[in-house]
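*Asks:* sequence and predicted model, in that order:
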Amino acid sequence: MKRHTCIICGAKRYEEHMKNVFGNSWACAKSKYYFQSSVCCEHEEIKDAIKVKEIVKNWKHLNYKHLQS
């Protein structure tokens, strides 16, 4: 069983507690503590990045590399 590092909180956890969000990027899918109400895979930045990824897919003339400065 592999261990991965969460891109949000930096925790190192086993794959069964993580969710693959962007190919090689992983985020916690189960909360580490029982009193924790949210999980990292539902973080606002990840949701926004998924939306941006979907928007970029629909572009015909530009790609994400054009936006990098």
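*Replies:* Structure's in. What do you need?
*Asks:* which residues in the chain form strands?
*Replies:* For the chain, applying DSSP state E gives strands covering 3-5, 12-14, 18-20, 26-28.
*Asks:* flag every buried residue along the top helix by length along the chain.
*Replies:* Longest helix in the chain, counting residues (DSSP state H): helix 44-57. By neighbour count on 16 or more other Cβ atoms under 10 Å, the buried set for helix 44-57 is residue 46. All C-beta spots, glycine's among them, are computed from the backbone N, C-alpha and C.
*Asks:* what's in contact with it?
*Replies:* Applying Cβ atoms under 8 Å, 6 or more residues apart in numbering, the contact partners of helix 44-57 are 7, 8, 21, 22, 27, 40, 63, 64.
*Asks:* which two in those are spaced the farthest apart?
*Replies:* Distance extremes for those: the farthest pair is 40 and 63 at 27.7 Å, using Cβ to Cβ.
*Asks:* need the winner for burial among the strands of the chain.
*Replies:* Most buried of the strands of the chain, by mean neighbour count (mean count of other Cβ atoms under 10 Å): strand 26-28, with a mean of 24.
*Asks:* what pLDDT does the residue of the chain positioned farthest from its centre get?
*Replies:* Of all residues in the chain, residue 61 has its C-alpha farthest from the mean position, at 26.4 Å, by Cα atoms, centre = their mean. You'll see residue 61 listed with a pLDDT of 85.
*Asks:* excluding chain neighbours, what is closest to the most centrally placed residue in the chain?
*Replies:* Centroid-nearest residue in the chain, with Cα atoms, centre = their mean: residue 21, separated by 4.0 Å. Once flanking residues are discounted, residue 21 sits nearest to residue 27: 5.0 Å by Cβ to Cβ, 6 or more residues apart in numbering.
*Asks:* let me see the contact set for the one you found.
*Replies:* Counting by Cβ under 8 Å, 6+ apart, residue 27 makes contact with 6, 7, 8, 18, 19, 21, 39, 40, 41, 43, 46.
*Asks:* how much space between it and residue 13?
*Replies:* Separation of residue 27 from residue 13 (Cβ to Cβ, to the nearest Å) stands at 10 Å.
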